[in-house]
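Engineer: Mind looking at a prediction? Sequence and model below.
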Amino acid sequence: MMEVLSGLGTGFSVALTPFNLMLVLGGCFAGTLIGALPGIGPINGVAILLPIAYGLGFPPESALILLAGIYYGAEYGGRISSILLNVPGDAGAVMTTLDGNPMARNGQAGKALSLSAVASFVGGTVSVVLMSLFGPVLASFGVKFQPSDYVALMVFAFACLASLVGSSPVKTLIGALIGLMLATVGVDANTGVQRYSFGIPDLLAGIDFLIVVIGLFGMAELFHLVESQVRGRLSTVPIDKSFVTWADLARTKWTILRSSLIGFIIGVLPGTGASVASAVAYGTEKRMAGAGGANFGKGDIRGLAAPEAANNGSAGGALVPMLTLGIPGSGTTAILLGALLMFNVTPGPMLFAQRPEIAWGLIASMYIGNVALLVLNLPLVGLFARMLTIPQHYLTPLIAILAFIGIYSIVGNPFDLYMIIGLGVFGWILRKLDFALAPVILGFVLGSLFENNLRRALSISGGDWRILFSTVDSLVLYALAVAVVVVPIWLSRRSRRFAAVAEDE
Amino acid sequence: MSKFTSLALAAAFAATLALPAAAEIDRPECIAPAQPGGGFDLTCRVAQQGLEGLFDRPLEVSFMPGGIGAVAFNMFNTTRTDDPNAIVAFSTGSLLNLVTGKYGAWTVDDARWLATAGTDYGAVIVRADSPYQTLGDLMAALKDDPASVTVGAGGSVGSQDWMKAALLLKAVEGDPRKMRYVAFDGGGEALAGLIGGAIQAYTGDIGEMSAHMDGSLRILGVMSDERLDPPFDEVPTLKEQGYDATWPIMRGFYMGKDVPDEDFQAWVAVFEKAHASDQFHKAQAEKGLLPLNLSGKEFDAAVREQTRQLHDLAVETGLIAN
């Protein structure tokens, strides 16, 4: 404990120098803007700015503090376009659209933005506190998680996904299957065989996650907007001055804390990040709400708070294996790892001993960054909410341009632009047929993780399926998965029986 | 025109002349055929940092992910065949893909092989508390029963990571197809798998091990011809332990096949100069690469030689028919 406190002391003395403080604030602000742009998320934000930070000749701790600020800010900013436009700014913000956007349409954009800022703050703070207290212990738990345990985690996530079942369970399942199918495109990670690539080299590496998100969500939303406009069915949203209230916070406090914890734990596991964390948190909350969760998907504040707390929680969690073991837990931390190496800093077990100013400086700057983001975001809520009052005929082309630039700037491959248009048309048709798009995205994300880990587990065991049930972790997860599906059914039966008994009397 | 401006212009003109290589190359660009942050990114960063000051503007790095380099190779064989500004990063893994047909019908003749960024070598790594104390222990177990050891690495079956594991089996005359191989998504995840106990041996690269010299992992051997410089001078080669398995991972750059000779030679001259400079060696070392400095004809020959060897290996291990 003393060690942690003295480490944090070192860290704050580094992070609180005026120059570094300025970098944290600047990074958070730039990150928020980057995250808010559709298509450009934390990965690209950090990747684009890394060479600039290097080129400016900052000392390594300052450059890293700047990059971490951007990373954090982008996780924050991703929610803005999700809530206001129904276009997720990045992968982790997909779940935020489910309840965030309905809230905005109900004239509660300000409340949604401010509540999500608070949820993000709590998620981020919980994860950074846990990281400073238990970092090294958790990191070794993270790597001990075997491929077979990942399979169990994915089964659990699929069980949570079942809670997304809306009006039509069949359509949800078909949606998830479409996602799974999209995930199989490209070179098979196990045997190197090409699948569904039709000889197109651009498809060999599979379809990028961002392209699916921007295509299915962003473009489909745009087509939908244009259609409504042509038919003159566009409803104007009144300017709203709503803001999060203490009552809202009291109602969501346990949701936020639970989701922060879920996000952090999933973030610590290498390979799973914000998208899995927010999906599991959302599903868990909906299940826990039971019969009171009927409003989920129509603008429930718990449905907004859960994924927001979880995706910021996972951002902190992902840094644990990177800093303590030198193993990146997500795409963005892989780039931060590259940044460390570029500055000749070797992350790993020796980092905290050899370069405490960097390790603890980074952690301290995350404490500061969290506070800065909350302070920065709350006053801006009114300004962001005004975006909805921009006339549709300006807003639609603006979003389209930003999405195209975002996608093109990642890769510079025009093929991706055709892909998002194609997927957009597909998504629009799905919406016309009353399909929810979130199951498609989750099927896509979980599908490749599920498949890769299942096949890894089976290669380890030499084809023996018993490996899937061989660890305590996996058995606990399977039990939870069963509980998630069965308990709500049982609860609703019981309440119905009670109701029947009450009627008899 | 005032005297001052004409003087300035003359000076500027003289300055451009003084930079011999920069005549035609006005917007030097290095293309990393992958997402940012990976090995190809690092390869381009070596060029960016190592060539600094040799052009009048800094070398830009851009990304062209897709098909482990296939998209870029295709692009430089269809539309940008004569682009004098762009160099593309590649590695031994790209050559293996070329040989095994993953890049389509293109062959080693469809590019101009420019210069190296450096090299890395395969390494056989286990946990410090592994039952396999020496390479001999591991190889004996593999020889007894290829399926008795779970070996893993960051690439699929048929990738260069798999090839390293296949070479181990070949060295004890085992069948690579009987091996219990676990494909991870990149070296980081494979390393996590090794530390966490999912796999027993990891066929990785020596360069990435500099971050893990704290005693928790043990490098059983490096797949180079001779021992390397510190900090790896204590690591024995596979060869000296009696197993004929070497795996150099060359990292370098190619250009489109129709780039005019003049421009190509200008790039070669730039790299020759850079290869002799401390600045380049520093960039190489910082990115975890070991020195291997070839360019022009010499490099072309090395690429062709390695391609030929890879072809033979791919046939031997059953990846391709002939």
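Structural biologist: The structure has been received and is ready for your questions. Residues are numbered from 1 along each chain as shown, chains lettered A, B, ... in the order given.
Engineer: residue boundaries of the strands in chain A?
Structural biologist: A:186-187, A:194-195 (DSSP state E).
Engineer: touching chain B at all, the first one?
Structural biologist: Yes. Applying C-beta under 8 Å from any C-beta of the partner chain, one finds that strand A:186-187 is in contact with chain B at residue A:187. Backbone N, C-alpha and C define where each C-beta goes, glycine included.
Engineer: what comes into contact with that strand?
Structural biologist: With contact meaning C-beta atoms under 8 Å, 6 or more residues apart in numbering or on different chains, strand A:186-187 is reached by A:193-197, A:203-207, B:67-68, B:102, B:156.
Engineer: Which residue, other than its chain neighbours, is closest to residue 241?
Structural biologist: Answering for chain A, as no chain was given. Leaving aside its sequence neighbours, residue A:241 sits nearest to residue A:110 (C-beta to C-beta, 6 or more residues apart in numbering or on different chains; 6.1 Å).
Engineer: hmm, I had chain B in mind actually
Structural biologist: Nearest one to residue B:241, counting by C-beta to C-beta, 6+ apart, is residue B:135 at 5.1 Å.
Engineer: Counting neighbours, what do you get for residue A:383?
Structural biologist: By other C-beta atoms under 10 Å in any protein chain shown, the residues close to residue A:383 number 9.
Engineer: actually residue A:473, not the one I typed
Structural biologist: Residue A:473: 17 surrounding residues under other C-beta under 10 Å.
Engineer: Kindly report the same for residue A:345.
Structural biologist: 19.
Engineer: show me the contacts for the residue nearest to residue A:227 when sequence neighbours are not counted.
Structural biologist: Spatial nearest neighbour of residue A:227, chain neighbours left out: residue A:428 (7.9 Å); criterion: C-beta to C-beta, 6+ apart. Listed by C-beta under 8 Å, 6+ apart, the contact partners of residue A:428 are A:219, A:220, A:223, A:224, A:227.
Engineer: circling back to that earlier point, point out the least confident one among the contacts of strand A:186-187.
Structural biologist: Ranked by pLDDT, the contacts of strand A:186-187 bottom out at residue B:67 (62).
Engineer: per-residue pLDDT, residue 101?
Structural biologist: With no chain named, the answer covers chain A. On the pLDDT scale, residue A:101 gets 87.
Engineer: Please refer instead to chain B.
Structural biologist: Here the pLDDT value assigned to residue B:101 is 82.
Engineer: cool, and residue A:427?
Structural biologist: 92.
Engineer: Any chance of CSV for the strands of chain A, columns distance to residue B:225 and mean neighbour count?
Structural biologist: Listed next are those as CSV, based on distance: least, C-beta to C-beta, whole Å; neighbours: other C-beta atoms under 10 Å in any protein chain shown:
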stretch, distance to residue B:225, mean neighbour count
strand A:186-187, 32, 22
strand A:194-195, 35, 15
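Engineer: mind checking which of those strands is nearest residue A:285?
Structural biologist: strand A:186-187 (33.2 Å; C-beta to C-beta).
Engineer: Relative to the closest one, what are the paired strands and their orientations?
Structural biologist: Partners of strand A:186-187 in the sheet, by DSSP bridges, are strand A:194-195 (antiparallel).
Engineer: what's the burial count for the residue nearest to residue A:241?
Structural biologist: By other C-beta under 10 Å, 21 other residues sit near residue A:110.
Engineer: wait, what's in contact with it?
Structural biologist: Each residue near residue A:110 by C-beta under 8 Å, 6+ apart is listed here: A:240, A:241, A:242, A:243, A:381, A:382, A:385.
Engineer: measure the second one to residue A:118 for me?
Structural biologist: Distance, residue A:241 to residue A:118, by C-beta to C-beta, to the nearest Å: 17 Å.
Engineer: and the two? which has more neighbours close in?
Structural biologist: residue A:118 (20 against 12).
Engineer: wait, what's in contact with that one?
Structural biologist: Shown in contact with residue A:118 (C-beta under 8 Å, 6+ apart): A:244, A:249, A:256, A:374.
Engineer: what do you get if the cut-off is 10 Å, keeping everything else the same?
Structural biologist: Contact analysis of residue A:118 by C-beta atoms under 10 Å, 6 or more residues apart in numbering or on different chains lists A:244, A:248, A:249, A:252, A:256, A:305, A:308, A:309, A:374, A:377, A:378.
Engineer: Make sure the second one is actually in contact with residue A:300.
Structural biologist: Read that as residue A:248. No. The pair residue A:248 / residue A:300 is not scored as a contact, 11.1 Å apart, by C-beta atoms under 10 Å.
Engineer: Tell me which of the two has more neighbours.
Structural biologist: Set residue A:248 next to residue A:300 and count neighbours by other C-beta under 10 Å: residue A:300 wins out with 23 against 19.
Engineer: Next one: the residue nearest to the more buried one when sequence neighbours are not counted from residue A:303, what distance?
Structural biologist: Nearest non-adjacent residue to residue A:300, counting by C-beta to C-beta, 6+ apart: residue A:99, 5.2 Å away. Distance of residue A:99 to residue A:303, given as C-beta to C-beta: 3 Å.
Engineer: Overlap of the contact sets of those two?
Structural biologist: A shared contact of residue A:99 and residue A:303, defined by C-beta under 10 Å, 6+ apart, is any residue touching both; here these are A:282, A:286, A:295, A:296, A:297.
Engineer: In ChimeraX, how would I select the buried members of those residues?
Structural biologist: The ChimeraX selection below is limited to those of the shared contacts of residue A:99 and residue A:303 classed as buried (16 or more other C-beta atoms under 10 Å in any protein chain shown):
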select /A:282,286,296,297
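Engineer: what two of the shared contacts of residue A:99 and residue A:303 have the greatest distance between them?
Structural biologist: Largest separation among the shared contacts of residue A:99 and residue A:303 by C-beta to C-beta: A:282 and A:295, giving 13.5 Å.
Engineer: what's the average pLDDT for stretch A:77-97?
Structural biologist: Confidence over stretch A:77-97 (mean pLDDT, whole number) is 81.
Engineer: isn't residue A:208 right up against residue A:419?
Structural biologist: Yes. Contact between residue A:208 and residue A:419 holds when scored by C-beta under 10 Å: they sit 8.6 Å apart.
Engineer: Touching both of those two, which residues are there?
Structural biologist: Residues touching both residue A:208 and residue A:419 (C-beta under 10 Å, 6+ apart): A:214, A:407, A:413.
Engineer: In this structure the last one contacts residue A:200, no?
Structural biologist: So that's residue A:413. No. Counting by C-beta under 10 Å, residue A:413 does not reach residue A:200; the two are 11.5 Å apart.
Engineer: list the contacts for residue 99?
Structural biologist: I went with chain A, as the question did not name one. The neighbours of residue A:99, taking C-beta under 10 Å, 6+ apart as the test, are A:83, A:112, A:116, A:282, A:286, A:295-308.
Engineer: ah, I was thinking of chain B
Structural biologist: B:107-108, B:306-315, B:319-320.
Engineer: Can I get those in CSV including neighbour count, pLDDT and distance to chain A?
Structural biologist: As requested, these are exported to CSV (neighbours: other C-beta atoms under 10 Å in any protein chain shown; pLDDT from 0 to 100; distance: C-beta to the nearest C-beta, whole Å):
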residue, neighbour count, pLDDT, distance to chain A
B:107, 12, 87, 16
B:108, 18, 88, 18
B:306, 17, 91, 20
B:307, 18, 93, 18
B:308, 12, 92, 21
B:309, 14, 89, 20
B:310, 22, 91, 15
B:311, 19, 92, 17
B:312, 11, 90, 19
B:313, 18, 87, 15
B:314, 20, 89, 12
B:315, 14, 89, 16
B:319, 22, 82, 9
B:320, 13, 82, 12
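Engineer: want to try JSON lines for those residues, with secondary structure as columns?
Structural biologist: As requested, the contacts of residue B:99 are arranged in JSON lines below (DSSP: H, G, I helix; E, B strand; the rest coil):
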{"residue": "B:107", "secondary structure": "coil"}
{"residue": "B:108", "secondary structure": "helix"}
{"residue": "B:306", "secondary structure": "helix"}
{"residue": "B:307", "secondary structure": "helix"}
{"residue": "B:308", "secondary structure": "helix"}
{"residue": "B:309", "secondary structure": "helix"}
{"residue": "B:310", "secondary structure": "helix"}
{"residue": "B:311", "secondary structure": "helix"}
{"residue": "B:312", "secondary structure": "helix"}
{"residue": "B:313", "secondary structure": "helix"}
{"residue": "B:314", "secondary structure": "helix"}
{"residue": "B:315", "secondary structure": "helix"}
{"residue": "B:319", "secondary structure": "coil"}
{"residue": "B:320", "secondary structure": "coil"}
